[in-house]
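Asker: One predicted model, sequence on top.
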Number of protein chains: 4
Amino acid sequence: MILRDPVHGLVAFEGLAEAVVAPLLDTREVQRLRRVRQLGLTSLVFPGAEHSRFAHALGAAHVMVRLLGRLAEVQHELPPEERLDDEARRDAIAAALLHDLGHGPFSHLFEEVMPDARHHEEWSVDTVRDPSTDVHAVLARLDPAMPERVAGLLEGQYRLGYLARAVSGTLDVDRCDYLLRDSHMTGVRYGIYDLDWLLRALAFGRAPSGERVLAIEGRKGLPPIEGFFLARHFMFQQVYHHKATRAAEGLIRGLFLRLGELVRDGATPRGTPAAMASAARGEPVSLGAYLALDDSVLLTTFSQWAESDDVILRDLARDVVVRRLPKTLPLPEEPGSEPRWHEALARAREIASSRGFRADLTVFLDVPRETPYEEPADDSADGLWVVLRHQPVRRLGDVSFLLGQLRNAHAVRPRLVFPAELRDEVVAAVSGVLA
Amino acid sequence: MILRDPVHGLVAFEGLAEAVVAPLLDTREVQRLRRVRQLGLTSLVFPGAEHSRFAHALGAAHVMVRLLGRLAEVQHELPPEERLDDEARRDAIAAALLHDLGHGPFSHLFEEVMPDARHHEEWSVDTVRDPSTDVHAVLARLDPAMPERVAGLLEGQYRLGYLARAVSGTLDVDRCDYLLRDSHMTGVRYGIYDLDWLLRALAFGRAPSGERVLAIEGRKGLPPIEGFFLARHFMFQQVYHHKATRAAEGLIRGLFLRLGELVRDGATPRGTPAAMASAARGEPVSLGAYLALDDSVLLTTFSQWAESDDVILRDLARDVVVRRLPKTLPLPEEPGSEPRWHEALARAREIASSRGFRADLTVFLDVPRETPYEEPADDSADGLWVVLRHQPVRRLGDVSFLLGQLRNAHAVRPRLVFPAELRDEVVAAVSGVLA
Amino acid sequence: MILRDPVHGLVAFEGLAEAVVAPLLDTREVQRLRRVRQLGLTSLVFPGAEHSRFAHALGAAHVMVRLLGRLAEVQHELPPEERLDDEARRDAIAAALLHDLGHGPFSHLFEEVMPDARHHEEWSVDTVRDPSTDVHAVLARLDPAMPERVAGLLEGQYRLGYLARAVSGTLDVDRCDYLLRDSHMTGVRYGIYDLDWLLRALAFGRAPSGERVLAIEGRKGLPPIEGFFLARHFMFQQVYHHKATRAAEGLIRGLFLRLGELVRDGATPRGTPAAMASAARGEPVSLGAYLALDDSVLLTTFSQWAESDDVILRDLARDVVVRRLPKTLPLPEEPGSEPRWHEALARAREIASSRGFRADLTVFLDVPRETPYEEPADDSADGLWVVLRHQPVRRLGDVSFLLGQLRNAHAVRPRLVFPAELRDEVVAAVSGVLA
Amino acid sequence: MILRDPVHGLVAFEGLAEAVVAPLLDTREVQRLRRVRQLGLTSLVFPGAEHSRFAHALGAAHVMVRLLGRLAEVQHELPPEERLDDEARRDAIAAALLHDLGHGPFSHLFEEVMPDARHHEEWSVDTVRDPSTDVHAVLARLDPAMPERVAGLLEGQYRLGYLARAVSGTLDVDRCDYLLRDSHMTGVRYGIYDLDWLLRALAFGRAPSGERVLAIEGRKGLPPIEGFFLARHFMFQQVYHHKATRAAEGLIRGLFLRLGELVRDGATPRGTPAAMASAARGEPVSLGAYLALDDSVLLTTFSQWAESDDVILRDLARDVVVRRLPKTLPLPEEPGSEPRWHEALARAREIASSRGFRADLTVFLDVPRETPYEEPADDSADGLWVVLRHQPVRRLGDVSFLLGQLRNAHAVRPRLVFPAELRDEVVAAVSGVLA
């Protein structure tokens, strides 16, 4: 099975990989990912970024196949029980393909707003475990114990710890694919790092804790891993934390908050999908209802809400439909500026209220934070390690000049988000605070 | 207004271009194109090909801006009345952005199957002319006569003939963008030609008919235009005429045919969008109803049909939903093979009928044809011309060795399409015909 | 041993490959290739094209390693005696690395002008066979019979015919590398084809003659091989047959012709390398003397000739040194134009003579010919074959629409070359002939 | 005049630019740069890196043309006397093309070793000022005062300070080209940054000192300038400070040191170019003699020295000719390690002496230092500035999170360099020091 991909070129699943990937691709749950965009509202700002989680899932599985190939080259140095066997390979490829199964449209926002909402990671695991899903059936047909093992991998529990961290960790196949893919599709080239070289730079090491880890081999392996973290930083700066993306997310957040109020008041708006209504009421949501959500459903929902009787919901929904985005104002970044942020928020909310807006639904502080390179201070196996000849394994930040400089530093980009109509008034009112 | 694009990199609309593009982008009709995929079912085969007609429309407008920039450099040699002025520039950019407005999901297939269905080009023109659309309002606000002029451009009628041909002709901004974009997104790199160089190679000439034309300037301009036609040929061979894409289209065609039968029998299936029902009855379709169709609507529709009471419709719809594609068998390409194609079709249909299939809805001859380089034999201004120093203008095929060899030759790729369940039987029955 | 390369990215020679490549790289004869530019005078026209035959030799060896990897995947279907073993692999890698050993600066021109000059291919073979060379010593150390086997491979004689054709044939590692490299370094992107896909499309077949051949596997393998031949055609049109390159070569040819006259008259100019003097006298040239020639030596030689007492040699050498190139005039390409070419040549030579030039050294017909896709008409194993499932092997031109159209057609680009000083006169005199 | 370039694609010099570039290209001094490799010995390690200073000079001129185009778009905000006029444009393009005229082969090493050697920058300026050069003649023909103005620009003196800094400064056209070119040709892709976007991000600002400066405009301009500095850092880490390159340079340094001793002892080795002999004696070197040096001359010289009677010179020259490189051993990087470096050096030199080597010529400490982002602490116009709307101009390091983290930090990579023959002994002797 050979596919072509705009990011990776030729994507081949052959032999063992094909036996896992091919039947999973045809399941309803994996096909559903075609209808969930990877970057949600980002395509409002970067029109090319229309790729789905389906394409990303395939990409992650492809990176896993390549990673397994690399590990096969270097694992001869390991004791047999720490080596990869076919079972582990199959589990790993399945986990890579399925890691995002539980993503719904705007699921991050929904989880954030609905107090007891389950996280998409949990839904992914549920989908694998639930005997009613196609995915479960396919895995169980390959091996009755496989659903449970793959679910474990997705939860970070596996007999080979390094494999669990390759599914979800500092350097995992998820990030490896999405950085390249999001970078490629947005047209923001700085997210591109050298995956070929990075894979070739990986080897096995043993952390001071005694645990087996994937590690960077030698100084010649530094550039690709440095490039990887820089790519991630650039993507945060330019795409994930882009002011218009964040403003659009603020709009959706307001919409979901209002939905919650209405549902809890017994006034569930027409067109609300069952899963959202249940969640808003704090009731359990069935897996089937959850998986029925996708971008098409949400778009239709928003259109219906745009005709709602509730003026607040209606206005917010209309703003989404015709992409009338809130405005943003950058706030000072210096340490100790937080009181000024809150002063600015208070002033803007006052204006919003006086002009008839629901200030709590339309005026926000948005404070995206990012740590370009995080490194544990202890000796846990997490984080990244470097193996240098004739030397004990070292933390990446102790070997890389660049990452040593960035280690555990936080980039913060605070902004005030508010309705476009209030721009001049808010800017005037807030400028005193910011000067 | 500066956007980033995976295909063109930085896409800037500034000054005059921004004044046209920015307000049009926010119209409902242009935003609707976000919900219509450029390549329809192709993403079943090339998973990366999820781009929408919205991204393509922006790309076409960008190419038009670049083309106008090139023409501004070389038009000093023209008499004033043949030069581009700001009005023409605005019209051209608008036409490039709006040329695909009338595309619905699978519109090619729908037009083909519904006898009196209007073509998407007509819907595009209608959308521009209809005073009720946002697009019309935006254009009329720029200049009351602009909707009519832009509609004219889309129909090939304009005071500057070369501009009409740049909107729709052998070398137009539509093709310039879609070849690059489709190539990029499918991961099939052979559709990439050198747009920079191609634009720089364009100049004005005068066809033997006396008409002003865009022409290739000098032999050094041959490689990019040869590359353009080869790119198109490669895309037909690998993507547009890919056997799985064509098989999937055959499935949709059968579905639409069955819909027509049911509607005309007065048994319109539940969930059928109004526009489709009207069209199937041969009744006029309102613009509003037509524009309400998009990929989300069709996907929902197919899901509903998959639960239909009509077994034939239901089975076809289910095949679409779980992407159970028909199989294909290549037929001989040699001239004079047509009788054998029909013999093969007859045998396969016989088998299908005997196995309970509606043979006319499930077994097809698929004969995609393509002319890599078409050149008029007469002296009309159409087609492409080359300007060589001190020489009369010549047809491109007379100057380019490569295109001269390919001139007006047809590539045909005949196939038999039939249900996957019948594979072995059909292959056995047909092999005698093909040997 | 991992190198980085602007064309292929990571170039790794490991295991068996490293054992062959590493010691050969350090030989004087291979290192000498650093001082011979791949494209001779082309860097006068394409300033980036400064790459040496050393970089190309490494690239060809890399392509051979990749080809051997592909063949290892598909050779299980062969009878054991037709399979590749380690001996054949080592021989093939060595032959790929060494195939251009015998190239001197402008060796094509020199061979053409000096009646009995040996061809660079013969020098390559001699260098491998001669026990006094470092290369011979390295090969003999690996295996005493290896120099002879490698020399055989370079001459097209080997127990595995398909391997000999992969060293030198229609689709060989030499072309595979130089098309990509020359394209890349000149900045002429049309010479880039998809090597990854091409390698993956190769399989074994059996020609109608019964001989084992490398073949294209299936229709999906057509695009990369079509792209390969088109890339070659584009490079001929734009680079190898570029008018300024050909004009510069005309200048060198005149210089070498004059050198021959002087040497044969007993007036060998000061600074003439021993090998060139011997060759001009028709005497045998020793391998050592031949290998002492490189770009540096020729550049120094030209500088010395630019101070020669012989006015004719001096003027030609000065033109080379300050790159004062002849002019060219395109001649008609239509069949049957040859008499007009010769008439134009006669007129231009008359003018040159009357103005004091040695017409035979400075005025030339230049008629570069190229066959974009050549296909034997008989059943010999040469040329390219396609393997389609359940069908006999077919000639590539019978399966590929594009190559079928181009099969055995010749592109000719005749030009008149003459001193720049005579431009106006020659154009005036010749225009009558060309009209 | 349109050229193709592997780095920049189409390189066009038209109008004013062509009037300057075309005649300069044909001068002997600019053509000489074809015979001086940009990266000296680096092609021993990165075989593709064979590009000359000629290609780089053209690239730098091209970047200057593009920069001037950008400045023309934004200079309307400047008072007339600070704007670019045609004279300044011509001067700037000439300076960009000529900035490396004075580079000889290994000129950095030669300057370092010969106590009073003039620096290549001075030779560049001399070549422009000296009335006997072709370059001077061409400039003077364009405008009699032009040689002096261009020489001034090269020395950093010009009526428009920002233009002088664009020729030589933190962000100059020299770096802009060589980072891309060296990265491209070595195949080390991390040196590639987004030049298009960087140029578009430039605007005029006014430093606190009151001086006019080129500045980054807005936060959206941060990624390309951050990318630029990271690209530079990566190139230092991977290429310019690569251990094998540095080792090879150590070899040449030893050779030049020995040459100096011999010349001063009155035993100038046969084949020594006049300029080198004079410099070694501390005598003035004529411009003509200096410009006679190029890579070909040095290669020939090294070959002759390899047959020298002086054993020390001979052995070193032979090592160069057959590229027998010294070995290197990494030394600790922690602050305060310097005493250990010197202890290691002493031990290694002792071993070398005891084994018959001239320790001072063959054993070195190599301590390459690099400051990825340097920022003046004062308010001088140097360094880089950012213009944010409605705010005073700020230092780049105060706005960019990444560069703020790196500001004025030094990366040091100390190594011991010594003859390969001594490897085991030196490693053993030194390991105690390093533990």
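Answerer: That came through fine. The shown structure was predicted, so the numbers you read here are calculated from the model rather than taken from an experiment.
Asker: Centre of chain A to the edge, which residue is at the far end?
Answerer: Of all residues in chain A, A:H390 has its C-alpha farthest from the mean position, at 38.2 Å, by CA atoms, centre = their mean.
Asker: and that residue, what element?
Answerer: Under DSSP states H and E, no helix or strand contains A:H390.
Asker: residue ranges with poor pLDDT in chain A?
Answerer: When residues are selected by pLDDT under 70, those of chain A lie in A:435.
Asker: do stretch A:247-263 and chain D meet at all?
Answerer: No: using CB under 8 Å from any CB of the partner chain, stretch A:247-263 stays clear of chain D, with a minimum separation of 15.3 Å. Using the backbone N, CA and C atoms, a C-beta is placed for each residue, glycine as well.
Asker: still on that earlier bit, separation between the residue farthest from the centre of chain A and D:P330?
Answerer: Distance from A:H390 to D:P330, counting by CB to CB, to the nearest Å: 11 Å.
Asker: Repeat that for A:F401.
Answerer: 13 Å.
Asker: And the two? Which one has more around it.
Answerer: Neighbour count, other CB atoms under 10 Å in any protein chain shown: between A:F401 and D:P330, A:F401 has more, with 21 against 14.
Asker: so what's the more buried one up against?
Answerer: Residues counted as contacts of A:F401 (CB atoms under 8 Å, 6 or more residues apart in numbering or on different chains) are D:Q237, D:P372, D:A409, D:A411.
Asker: In the residues you listed, find the pair that's most separated.
Answerer: D:Q237 and D:A409 (13.7 Å; CB to CB).
Asker: I figured A:E343 hits A:V433, correct?
Answerer: Yes: using CB atoms under 8 Å, A:E343 is in contact with A:V433, at 4.9 Å.
Asker: who's more crowded, the two?
Answerer: Using other CB under 10 Å as the criterion, A:E343 and A:V433 rank with A:V433 on top: 20 against 14.
Asker: quick one: the closest residue to chain D within the stretch 51-200 of chain A and C:M185, what's the gap?
Answerer: Relative to chain D, the nearest point of the stretch 51-200 of chain A is A:Y190 (5.4 Å; CB to the nearest CB). Computed as CB to CB, the A:Y190 to C:M185 distance reads 27 Å.
Asker: So for the two, which residue has more residues nearby?
Answerer: C:M185 (33 against 23).
Asker: so who does the more buried one touch?
Answerer: C:P6, C:Q38, C:L39, C:F46, C:G48, C:A49, C:E50, C:H51, D:P6.
Asker: 6 Å instead?
Answerer: Residues in contact with C:M185 (CB atoms under 6 Å, 6 or more residues apart in numbering or on different chains) are C:G48, C:A49, C:H51, D:P6.
Asker: Kindly report the same for A:H119.
Answerer: When contacts are counted by CB under 6 Å, 6+ apart, A:H119 touches A:E111.
Asker: residue ranges for the helices of the stretch 1-150 of chain A, please.
Answerer: A:16-25, A:28-32, A:53-74, A:86-98, A:107-113, A:120-129, A:134-142, A:146-154 (DSSP state H, counting those that start in this stretch).
Asker: Give me the angle between the first one and helix A:53-74.
Answerer: What it means is helix A:16-25. 160 degrees (axes from the mean of the first three to the mean of the last three CA atoms, to 10 degrees).
Asker: want to try a markdown table for the helices of the stretch 1-150 of chain A, with mean neighbour count and distance to A:D366 as columns?
Answerer: Shown next, in a markdown table, are the helices of the stretch 1-150 of chain A (neighbours: other CB atoms under 10 Å in any protein chain shown; distance: least, CB to CB, whole Å):
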| stretch | mean neighbour count | distance to A:D366 |
| --- | --- | --- |
| helix A:16-25 | 19 | 37 |
| helix A:28-32 | 19 | 30 |
| helix A:53-74 | 22 | 24 |
| helix A:86-98 | 24 | 32 |
| helix A:107-113 | 19 | 12 |
| helix A:120-129 | 21 | 21 |
| helix A:134-142 | 19 | 36 |
| helix A:146-154 | 23 | 30 |
